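Visitor: give me coordinates for this.
(chains A and B)
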Amino acid sequence: MATSTKASKGIFDPRLLKGALKESFKKLDPRILWSNPVMLCVEAGSVITSVNFAYALISGKGDPAWFTGIVTFWLWLTVLFATFAEAIAEGRGRARAEDLRKTRTEIQAKKLKKPELDSPYDLVSGQLLRKGDVILVEANDMMPGDGEVIVGAALVDESAVTGESAPVVRESGGDRSAVTGGTRVIANSIVVRITANPGETFLDRMIALVEGAKRRKTPNEIALEVLLIALTLVFLLVVLNLSPVSIYSARAAGQGQPVTLTVIIALFVCLAPTTIAALLSAIGIAGMDRLFQRNVIAMSGRAIEAAGDVNVLLLDKTGTITLGNRQAAAFIPVAGHTEAEVAEAALMASLTDETPEGRSIVVLAKKEYQLRMKELPPHAESIPFSAETRVSGVNIESRSYRKGAADAMVQIVAGQGGVIPPDLEGLVTEIAKSGGTPLVVSSNADILGVINLKDILKGGIKERFLQLRSMGIRTVMITGDNPLTAAAIAAEAQVDDFLAQAKPEDKLRLIREHQEQGYMVAMTGDGTNDAPALAQADVAVAMNTGTQAAREAANIIDLDSNPTKLLDIVEIGKQILMTRGNLTTFSIANDIAKYFAIVPAALISIYPQLGILNLMHLASPHSAIMSAVIFNALIIPLLIPLALKGTKYRPMPAEKLLIYNLLIYGVGGLIAPFVGIKLIDLLVNLI
Amino acid sequence: MENHVLLFDLAQIAALLVILTLLVKPLGSYMARVYQGERTWLSPALAPLENLLYKVAAIDRDQEMDWKQYAVAMLIFNGLGVLVVFAVLLLQGWLPLNPEKFPGFSWDLGLNTAVSFVTNTNWQSYSGEAAASYFSQVLALMVQQFLSAASGMAILMALIRGFARHTAETLGNFWVDLTRGTLYILLPLSLIAAIFLVSQGVIQNFSPYVKTTLIQSVQDAKGNAVTEQTLPMGPVAAQEAIKEVGTNGGGFFNANSAHPFENPTPLSNFVEILLILLIPAGLTYTFGRLVGSSRQGWAIYVAMLFLFIGALATLYLAESHGNPLVQKLGVPGISMEGKEVRFGLGGSVLFSSATTGTSCGAVNNMHDSLTPIGGLVPLMLILLGEIVFGGVGSGLYTMLAFVVIAVFVAGLMIGRTPEYLGKKLEVMEMWMSVVIVLSAGIVVLVFVSVALLVPEAVKAMANPGAHGLSEVLYAFASTANNNGSAFAGLNANTGFYNLMCAAAMVLGRFAPKVAVLAMAGSLVRKKYVPPSLGTLPTDQAPFIIWLVIVIVIVGALTFFPVLAMGPIVEHLIMRGGL
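Guide: Predicted structure coming up:
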């Protein structure tokens, strides 16, 4: 489904790496780094140690120049790794945007004088089209801009935008009237009214979104940043405090050296939550990018985060929970007839029926009863289904085969003088109660039995609802079916609740009710009549096949138009938040080991007793401090893949998930630096 | 250490914790009723007085305030309090009830003391029996012991209402909360406590100091015979009661609760400890009740209890191992330096933990004389922000700020934008909770740095070296967190320390208080989000443990270097015998 350009952007694509590397140097500019205050502080620290290094080289005073030099080098690398993480996350989006932009070449538009297919037109540049202009698009023409089909119907290849290779039908009126700039008409001609000015089209917005140009920090990101800034400030004061403390202590103890500026800055950078600060924006960008890989475009990062919070999901039954169409599941005979008789009559009655239901009857009859495919006899007359008769069938010579709604069939058969079998009514009610649709089958004036047409659940849907429930999300099925059928399907699919005989305004009411109780509601929709509900929902996913109105009301657009995507979106929303939380915990847990590396190293000359805190038995004070700084820097690129992929989400109750993540990222964050710093120390001393 | 001593100590600790836990629910639900404005069994007696007060002060009790109005009322009220106490202390030489003819305080000491009592700190750079008249003690200092406590509880109530109400604007009426807290909670409890303390031998009079002839004369430093002793008198029991009940800690005498007239018997000692912890512990239940789930209150109580027991055990172990340097001199056993024999080790460490885990700061033993690790425990309890069980009101609101931070990170870790008690935690809540949690720590770090660079401040240390550092650290920890206890050995009655400590007390008290109100103001506007399976349960063991870890890690990370250079190095030197 997805084209190769979208699917195979690995993290280590060399083209991306090169671009990101260049970009990461540009991002060292303090005016750009301003948006990441923690890393800005690290950069300021690096500048100070650089000056210190120069001073040490010239004067030979203070810490040895090689030590200051190495620390300075790794501090700069720390900043660079952070900008690199952001650059590589953006780079992936930019590469995709590039692909999209290629589709937006200069297109000539046929601007119509009148909104009719045969009206004369002028050839104008697509860039000059304005909202409200009416254009003609013929076979093999590119769509010059976003618009709405007002006359005709056409087959459109949307693969450039959606990655979906199968062409789709776009027609005037109804819910499939929206066309997107950059797509190509394959067959027929249509008249399109332009609905967006150049630069504001769907494609433009998509490119901007994917590029991250319009990416704003989400409220949750800002709140986390507040915590990180506060911690950074505290650690700045902690290390600044260490200077007077060591000056005082050195004087009081009569020995040792106060801590130097280089050591103070090294300790500060190690303590500041650099790991999460470096990866924070990459996590958000990568999240949107992951959605895009699944052909979903979020209009804002906020919408994805809201998806992580959703606790009520409104799902349309058809297409989401069940396959689009009902299928024949069984042939049930009445009044002494056999199953085989019913099957044969049903097969005959459906031979000319091209509806999915009709075909499913043929398939079932052939599969279950090994009935040979009969060529339609030459004199056969097809009786199509109509809303008035609610019956369809075939007349072959003198025989007539019919299938249809129970009450209609009873009426017809009774009219022909046939006998209504006494067990029919019970059977029909039973099937209806179980969620099926009963179709009565007759041959001439003889009622043979009933076909049970059933809604077929999508594969694995039950399991997904189970997962959702364990995530604390309630699912509500919305259907136009009668309550009886709805209840049966709801029970089979194991949704938590259902709304039967739903009208569009019922959806809106249902969303409002849930929101008033404080729930976050997500829904999918495609029709114009879904637009008000989409606008009301906290997370509104519009199908790309939907109308312009629906797409504008939504905050997420699914290019594949696959309603079960909502589940993926929820998952990615949660992943983004979890990755943030997990890396924050990891980052802070790391500090404990860094303290045990740096504090004894910095102060041992004043109080040799503090050597006991050197738990890792690091070789020398200088190598201890260097090892901590190097570990602190290296952990950033090591975690870039995790930040880009997101930590794995396992659907389980909140409490278990918390314990699970605490064990991995909390305890892991505690232990990892002890091991890492020790290893680096061993390596440093080998060299 | 002998077994029966250990058993007695353990029994005493167990008894205290059991009695405390049993009192949490009745007291907590009573306080909930008081702050809900409901009738209580004391209403027949107190309601007329309450109504009279509102009438005199022209207060409409139904007039609710938003967070800004609430904050302004609180700041004006406390500002006036500082002015009144300052004036009384400066002018006490001309005021009545001054049988010992004490002169007025110096301006810097007067300001320090006024700020100290209004902020519920009760840091005392003066010696009560040698500097303050009865008038000052009762009408300036004791009055503020009630009002500062009531004001802390009022702020907490505003925050609780912020959680409990939704899509609203107002947080209650500061004047009503202040009045009801004082009348229905602090006064009755203090009255009962004072009567009990008098029964144990605590004095309560306005007599001039008594001169008694010593049974056996002693010699002073110059070799002159001393035959007489002056026994200070005063209305001690009344002040002693509110000193503990309101977690104030400002003793009538310099020796505070180590003085036999303040704390005569092991039983009075036990009750004083209980009184210190009573309201802070009870408020956890009040909180749970008011936010509609007493389990939430118990969860916080359990987290506090956990930290309390951990601190107590460390302190007890450190002290019971004694000091090897003293043991070498032939004094074996536990470290009893600076402790009262009538309280023993158990009565002393319990008191120390209780007084520093809350914002009380009363002492019945000299914290300066604790072993280094022993001294680290009270210091750390203060530095954590006094949340075990915390100052009246202030402890719980600080704890709730920690909860907000813990929920925020944990909430992310389970993939939700974080929420607590049905309220989404967003940018405003994060800003305010980091201000609440970190402002005292920031003040400590900055002020200690300044003190170490000022020669006059360094000179005031009696013990240079690691212990001197601990003394300065303790002084600013104690003032910035509004504790008020001191590592003796630092001459804090100097212009530098009086003013720096006053500044620390003001910043450490009012920055968090205003932040609490701002957070409450933001919370109260939010809508309520009902919990689901995906919501982080904040009343279960995993979250409680996480909360404790967050508190310990924030404290440890902030103060590890300076603690390493103070108590930790001191401990290593002591053990190494260097």
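Visitor: list the contacts for the residue of the stretch 151-300 of chain B at minimum distance from chain A?
Guide: Residue of the stretch 151-300 of chain B nearest chain A, by C-beta to the nearest C-beta: B:H166 (8.3 Å). Just so you know, the C-beta spots here come from the backbone N, C-alpha and C atoms, and that holds for glycine as well. Neighbouring residues of B:H166 by C-beta atoms under 8 Å, 6 or more residues apart in numbering or on different chains: B:422-423, B:524, B:526-528.
Visitor: now do the same for the nearest residue to B:S394 once chain neighbours are set aside: helix, strand or coil?
Guide: Distance criterion C-beta to C-beta, 6 or more residues apart in numbering or on different chains; nearest residue to B:S394, sequence neighbours excluded, is B:G152 at 4.6 Å. Following DSSP: H, G, I helix; E, B strand; the rest coil, B:G152 is assigned to helix.
Visitor: and B:G152, how many neighbours?
Guide: Using other C-beta atoms under 10 Å in any protein chain shown, B:G152 has 32 neighbouring residues.
Visitor: so it sits against B:V392, correct?
Guide: Yes - counting by C-beta atoms under 8 Å, B:G152 does reach B:V392; the two are 5.3 Å apart.
Visitor: tell me the secondary structure for A:E148?
Guide: Secondary structure, three-state DSSP: A:E148 is strand.
Visitor: I figured it hits A:T180, correct?
Guide: No - with contact defined as C-beta under 8 Å, A:E148 does not reach A:T180; the gap is 10.8 Å.
Visitor: low-confidence stretches in the stretch 101-250 of chain A?
Guide: Per-residue confidence for the stretch 101-250 of chain A (pLDDT under 70) gives these ranges: A:103-106, A:160-166, A:174-175, A:209-215.
Visitor: get me the contact residues on it for chain B.
Guide: A:219-220, A:222-224, A:226-227, A:230, A:233-235, A:237-249 (C-beta under 8 Å from any C-beta of the partner chain).
Visitor: which of the residues you listed fall within helices?
Guide: Among those, DSSP state H puts A:219-220, A:222-224, A:226-227, A:230, A:233-235, A:237-249 in helices.
Visitor: and those residues, which of them are buried?
Guide: The neighbour count (16 or more other C-beta atoms under 10 Å in any protein chain shown) marks A:219-220, A:223-224, A:226-227, A:230, A:233-235, A:237-239, A:241-249 as buried among these.
Visitor: returning to what we had before: how near is the residue nearest to B:S394 to B:I273?
Guide: For B:G152, the distance to B:I273 equals 20 Å [C-beta to C-beta, to the nearest Å].
Visitor: go on, A:V226?
Guide: Separation of A:V226 from B:I273 (C-beta to C-beta): 38 Å.
Visitor: can you tell me the SS state at the nearest residue to B:V454 once chain neighbours are set aside?
Guide: Spatial nearest neighbour of B:V454, excluding adjacent residues (C-beta to C-beta, 6+ apart): B:F496 at 6.3 Å. Per three-state DSSP, the local secondary structure of B:F496 is helix.
Visitor: for B:F496, give me its contacts.
Guide: B:451, B:454, B:456-457, B:460 are the contacts of B:F496 under C-beta under 8 Å, 6+ apart.
Visitor: which single one of the residues you listed is nearest to chain A?
Guide: Proximity of the contacts of B:F496 to chain A (C-beta to the nearest C-beta) peaks at B:A451, which lies at 8.3 Å.
Visitor: which secondary element of the chain has the worst mean pLDDT?
Guide: By default, I'm working from chain A. helix A:4-7 (a mean of 38; mean pLDDT, DSSP states H and E).
Visitor: wrong one, I was asking about chain B
Guide: Here the helix or strand of chain B ranked lowest by mean pLDDT, DSSP H and E is helix B:324-328, holding a mean of 82.
Visitor: beyond it, next helix or strand please.
Guide: Where DSSP states H and E defines the elements, the next helix or strand beyond helix B:324-328 is helix B:344-357.
Visitor: now that following helix: average pLDDT?
Guide: For helix B:344-357, the mean per-residue pLDDT is 93.
Visitor: what angle sits between the helix or strand that that helix is followed by and helix B:344-357?
Guide: For helix B:344-357, the succeeding helix or strand toward the C-terminus, using DSSP H and E, is helix B:372-383. Orientation check (axes from the mean of the first three to the mean of the last three C-alpha atoms, to 10 degrees): helix B:372-383 against helix B:344-357 gives 30 degrees.
Visitor: show residues contacting helix B:372-383.
Guide: For helix B:372-383, contacts defined as C-beta under 8 Å, 6+ apart pick out B:311, B:314-315, B:318-319, B:335, B:349, B:352-353, B:355-357, B:367-368, B:370, B:388, B:441, B:444, B:466-467, B:470, B:473-474, B:477-478, B:481, B:483, B:485, B:487, B:555, B:558-559, B:563, B:567-568, B:570-571, B:574.
Visitor: now swap in stretch B:187-197 and tell me
Guide: Outside stretch B:187-197, the residues within contact range by C-beta under 8 Å, 6+ apart are B:42, B:146, B:202, B:204, B:237-238, B:240-242, B:244-246, B:268, B:271-272, B:275, B:278-279.
Visitor: what's the PyMOL syntax to select whichever of the residues you listed are buried?
Guide: Those of those that count as buried under 16+ other C-beta under 10 Å are selected in PyMOL with:
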select buried, chain B and resi 42+146+202+204+237+238+240+241+242+244+245+246+268+271+272+275+278+279
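Visitor: tell me where the model's unsure across chain B.
Guide: Counting by pLDDT under 70, chain B contains low-confidence ranges at B:1-2, B:577-578.
Visitor: could you point out the longest helix of it?
Guide: helix B:3-35.
Visitor: need the next SSE after it, C-terminal direction.
Guide: With elements assigned by DSSP H and E, the helix or strand that comes after helix B:3-35 is helix B:43-56.
Visitor: buried residues of the next helix or strand along the chain from that next one, list them for me.
Guide: The first helix or strand that comes after helix B:43-56 along the chain, using DSSP H and E, is helix B:67-91. Across helix B:67-91, burial judged by 16+ other C-beta under 10 Å covers B:67, B:69-71, B:73-74, B:77-78, B:81-82, B:84-86, B:88-90.
Visitor: how far does stretch A:483-501 stretch from one end to the other?
Guide: Terminal residues of stretch A:483-501 lie 7 Å apart, using C-alpha to C-alpha, to the nearest Å.
Visitor: can you give the contact residues for that stretch?
Guide: Contact partners of stretch A:483-501, identified using C-beta under 8 Å, 6+ apart, comprise A:315, A:317, A:321-322, A:432-437, A:455, A:457, A:461-462, A:465-466, A:469, A:474-482, A:506-507, A:510.
Visitor: mind giving me the ChimeraX select for those residues, buried ones only?
Guide: Of these, the buried ones can be selected in ChimeraX as follows, counting by 16+ other C-beta under 10 Å:
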select /A:315,317,321,322,432,434,435,436,437,455,461,465,469,474,475,476,477,478,479,481,507,510
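Visitor: in strands, which of the contacts of stretch A:483-501 appear?
Guide: Using DSSP state E, the subset of these located in strands is A:315, A:322, A:437, A:455, A:457, A:474-478.
Visitor: restrict the residues you listed to contacts with chain B.
Guide: Among the ones in strands among the contacts of stretch A:483-501, the residues lying close to chain B (C-beta under 8 Å from any C-beta) are A:R474.
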